[in-house]
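> Provided below are the primary sequence and the corresponding predicted coordinates.
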Amino acid sequence: MNTMPTEITCIITDNNGIVTIGAGSRRLSETEAIRRIENGDESFYVIDPEGDRAQVIVASRNGKKYLKTKSDKTTHDNLLFLPRCK
């Protein structure tokens, strides 16, 4: 496993949610990021609006896996507040 968590700094979305994450200079599909988390190959985090780290985890709704941040003191989805990747 990558010992240092990777910060997600941007995202690309469509009508169904997140499609791509930006992690450093890399772009990963949401599917690939989910695979990397589930296999223990890598972990991710975002910096929330208060400046704290929020861990990114895999969740499932109606059988579809997706990325979200672990519950913290904010009520909004920290991932969706990230800027769009260029």
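On my side now, so go ahead. Numbering: from 1, shown residues only.

> Now do the strands in this structure.
Secondary structure of the chain by DSSP state E: the strands cover 6-14, 17-23, 26-29, 44-47, 53-61, 64-69.

> Which pLDDT value belongs to the closest residue to K70 other than its chain neighbours?
Spatial nearest neighbour of K70, chain neighbours left out: Q55 (4.3 Å); criterion: C-beta to C-beta, 6 or more residues apart in numbering. For glycine as for every other residue, the C-beta is placed from the backbone atoms N, C-alpha and C. Q55 is assigned a predicted lDDT (pLDDT) of 92.

> thought Q55 was touching S43?
Yes: using C-beta atoms under 8 Å, Q55 is in contact with S43, at 7.1 Å.

> Phi, psi for the residue of the chain positioned farthest from its centre please.
Distance to the chain centre peaks in the chain at N62, reaching 19.3 Å (criterion: C-alpha atoms, centre = their mean). Phi and psi for N62, reported as degrees, to the nearest 10, are phi 50, psi 40.

> Can you read off the pLDDT for it?
Predicted confidence (pLDDT) for N62: 93.

> ok, it to D77 distance?
As for N62, its distance to D77 is 17 Å (criterion: C-beta to C-beta, to the nearest Å).

> Also G24?
In this view, G24 and D77 are 21 Å apart by C-beta to C-beta.

> which of these two has more neighbours?
When G24 and D77 are compared for neighbours, D77 comes out ahead with 15 against 9, by other C-beta atoms under 10 Å.

> hang on, Y66 packs against A59?
Yes: between Y66 and A59 a contact is recorded at 5.9 Å, counting by C-beta under 8 Å.

> and those two? which has more neighbours close in?
Using other C-beta under 10 Å as the criterion, Y66 and A59 rank with Y66 on top: 16 against 12.

> who's in contact with that one?
Listed by C-beta atoms under 8 Å, 6 or more residues apart in numbering, the contact set of Y66 reads G17, I18, E30, I34, V58, A59, S60.

> Report how many residues lie close to the last one.
Read that as S60. Neighbourhood size, S60 [other C-beta under 10 Å]: 9.

> That one bridge partners, please.
Judged by DSSP bridges, the bridge partners of S60 are K65.

> do you know how far it is from G51?
Distance from S60 to G51, by C-beta to C-beta: 29 Å.
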